[in-house]
Structure formats: structure tokens, C-alpha cells
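In: coords below, sequence missing:
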């Protein structure tokens, strides 16, 4: 069930039509509610965390079953994986010189750094 719910995150991100399994509809609704309250840090969405989930459940008067908590945490991980900006290919280091940097070469390049 958790894997099927996590696939919904990917489908949602890709703009596909979502078909939520009947057994997971309540957990999906809860996750959507929690997800809407999420903050970000500029590098992607922040994790929901146990404290936020516990406080949300307390405010809603819910006692989550273990599988429901596991599903919310798995959905959170999948959401952050999908939403985190992908780094482009790292730039290859430009080769400036074939000569290795030795202490003599460093001293020649930066004479004021000598002790």
C-alpha cells in the first residue's frame, strides 16, 4: 500500500491523473493536509518531522496507527525527493596548468605569503 501511495507523488509531480486506492484515501488526505503546511529552505521542501506530525494529529484528535505513520513518513520522503531541485552536471575542473603545485611554485606565485 505504501509503495502505491508513494507512486502517487511521482504521478502528481508529472501531472498525471491520480487514482488513490480506497484503502489509502484517508492517509493520502492527511498527507495532503500536512504537505500544504510544509515550509521550504530554498533547497527544497523541509521534512515534516515527528513533532509536526504529532502536533497535527493532536490538533485533529487522531491516534495514528503504525502503518499510517509509516505511510506519511514515506510520502514525505518521496515528496522531498521529487521536489528537490536536481543539480545539473557538475562543471568539469578547468585545467590551468599541467605543472603540479609545489611549494616553490606557490612561493613564486604568492611571494607575500611567505613567512
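Out: Right, received. Where do you want to start? Note that the structure is a prediction, hence the values are computed from the model and not measured.
In: use CA for all of it now, contacts and neighbours both
Out: OK.
In: which helix of this structure spans the most residues?
Out: Longest helix in the chain by number of residues, with DSSP state H as the criterion: helix 66-83.
In: what mean pLDDT does that one have?
Out: Per-residue pLDDT values over helix 66-83 give a mean of 92.
In: same check on stretch 105-115?
Out: Stretch 105-115 shows a mean pLDDT of 76.
In: distance between it and the chain's centre?
Out: For stretch 105-115, the separation from the chain centroid amounts to 44 Å (computed by Cα atoms, centre = their mean, to the nearest Å).
In: ok so, going back, following the longest helix of the chain, which helix or strand comes up?
Out: Using DSSP states H and E, the next helix or strand after helix 66-83 towards the C-terminus is helix 103-109.
In: other SSEs contacting that following helix?
Out: On a contact count with 3 or more Cα pairs under 8 Å, 6 or more residues apart in numbering; DSSP states H and E, helix 103-109 meets no helix or strand.
In: 3 is where my numbering starts, stick with that
Out: OK, 3 is where the count begins now, so the last one is helix 105-111.
In: hang on, the earlier thing: buried sites along the longest helix of the chain?
Out: Neighbour-count burial for helix 68-85 flags 70-71, 73-82, 84 (criterion: 16 or more other Cα atoms under 10 Å).
In: neighbouring contacts of that helix?
Out: Contacts to helix 68-85, defined as Cα atoms under 8 Å, 6 or more residues apart in numbering, come from residues 4, 7-8, 11-12, 15, 29, 32-33, 37, 46-50.
In: residues contacting residue 110?
Out: Residue 110 neighbours (Cα under 8 Å, 6+ apart): none.
In: against residue 102, how distant is it?
Out: 13 Å (Cα to Cα, to the nearest Å).
In: same thing with residue 61?
Out: 63 Å.
In: one more: residue 56?
Out: 56 Å.
In: which of those two has more residues huddled nearby?
Out: Each of residue 56 and residue 102 has its neighbours counted (other Cα atoms under 10 Å); residue 56 has more, 15 against 7.
In: can you pull the pLDDT of the more buried one?
Out: Looking at residue 56, its pLDDT reads 96.
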